[in-house]
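A.B. asks: What follows is a predicted structure for the sequence shown.
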Amino acid sequence: MIVPGYYDNFVRRVLDNHVQGIEANLEKEPETKIPYTQVKGLLCILPEGRSAGSARELGTTQTVITDYGIQEISIGGQVGKRLLSYKGGYFIDWCRCVNSLIPHEDSTYQIGVFERILSKEYYFRPSANSTTGPLASVVEWDDAMAWLGEVVRAEKEGRPTPLLKKKPRASAVRASTEPTTPTVERPNLERAGRTVVVGPGPSPPPVVVVQKKLSFSHFLTRARGKSADPAERNGATSNKA
């Protein structure tokens, strides 16, 4: 599992330094500091297409860094120093640690697991005292590229830097919109030829009672053969004899 190592040794060190007020500086110009108040958070960008192989190729990220004018920075002291990128008010990391998943046949699925587990860590959860959301976010490659394009256009037009807006994944949209039907196990009990349904569930069909239609001669026969007075019935029997 690569999440604990990545979070503890990189994400936590970077953001611990930041929340303590330690300012990052440009890697090529150490004397140039990035003001603490200017930083909105950390973006952990997943590789293009969630491909572990893409994360291994330095040329892919280096091209993006050059094309969008992304700055390379560092934060922390000489011992705990961490290198990362910076653009539009955000620290940026390219999650290159996922290239260790290349030998796995299901590496794309494993990157999804990496995203879900990482998103549960402390700095990725909203703080009770924060009004701007969590300090760190996991971002899809396409969302990050779209946002970087908006940042570059805003810089050219002198507009404020736009905030990153993450698009919900299709699977997440389906999960939130599709109605869910709870599954309740109901034991089926057979007792004396009848079925008893236990537990909540749909109402059983109504029971229809079919009454046999009896003829008038049936009632007349019963009336003649059965008298309400036992003595009268016995007397009728004696006379008959």
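C.D. replies: In hand now; what should we look at? Numbering: from 1, shown residues only.

A.B. asks: any idea where the helices of the protein begin and end?
C.D. replies: For the chain, applying DSSP state H gives helices covering 3-6, 12-19, 52-56, 58-67, 107-118, 141-157, 170-177, 216-225, 230-240.

A.B. asks: Which of the ones you listed comes out lowest on mean pLDDT?
C.D. replies: Note on the helices of the chain: helix 170-177 shows the lowest mean pLDDT, a mean of 41.

A.B. asks: Residue 32: what's its closest spatial neighbour, skipping adjacent residues?
C.D. replies: Spatial nearest neighbour of residue 32, chain neighbours left out: residue 26 (4.5 Å); criterion: CB to CB, 6 or more residues apart in numbering. C-beta coordinates here come from the backbone N, C-alpha and C atoms, glycine included.

A.B. asks: same check, this time on residue 80
C.D. replies: Per CB to CB, 6+ apart, closest to residue 80 is residue 13, 5.6 Å.

A.B. asks: what about the one you found, how many residues close to it?
C.D. replies: Look at residue 13: counted by other CB atoms under 10 Å, it has 16 neighbours.

A.B. asks: For it, give me its contacts.
C.D. replies: 76, 80, 82 (CB atoms under 8 Å, 6 or more residues apart in numbering).

A.B. asks: Looking at these, which are in strands?
C.D. replies: Among the contacts of residue 13, the ones falling in strands (DSSP state E) are residue 82.

A.B. asks: Can you check the pLDDT for the residue lying closest to residue 41 once chain neighbours are set aside?
C.D. replies: Excluding the flanking residues, the one nearest residue 41 by CB to CB, 6+ apart is residue 135, at 4.8 Å. As predicted, residue 135 sits at a pLDDT of 94.

A.B. asks: For residue 135, grab the count of nearby residues.
C.D. replies: For residue 135, the count of nearby residues is 22 (other CB under 10 Å).

A.B. asks: That one contacts residue 121, correct?
C.D. replies: No. If you go by CB atoms under 8 Å, residue 135 and residue 121 don't touch, sitting 10.8 Å apart.

A.B. asks: Weed out the non-buried ones from the contacts of residue 13.
C.D. replies: 76, 82 (16 or more other CB atoms under 10 Å).

A.B. asks: Please name whichever of the contacts of residue 13 scores lowest on pLDDT.
C.D. replies: Across those, the smallest pLDDT goes to residue 80, namely 83.

A.B. asks: which phi and psi does it have?
C.D. replies: Taking degrees, to the nearest 10, you get phi -100, psi 20 for the backbone angles of residue 80.

A.B. asks: and it, how far is that from residue 91?
C.D. replies: The gap separating residue 80 from residue 91 is 15 Å, by CB to CB, to the nearest Å.

A.B. asks: again with residue 103
C.D. replies: Residue 103 is 30 Å from residue 91, by CB to CB.

A.B. asks: The two: which is more packed in?
C.D. replies: residue 91 (25 against 7).

A.B. asks: List the contacts of the more buried one.
C.D. replies: By CB under 8 Å, 6+ apart, the residues touching residue 91 are 14, 18, 24, 39, 41-43, 73, 75, 84-85.
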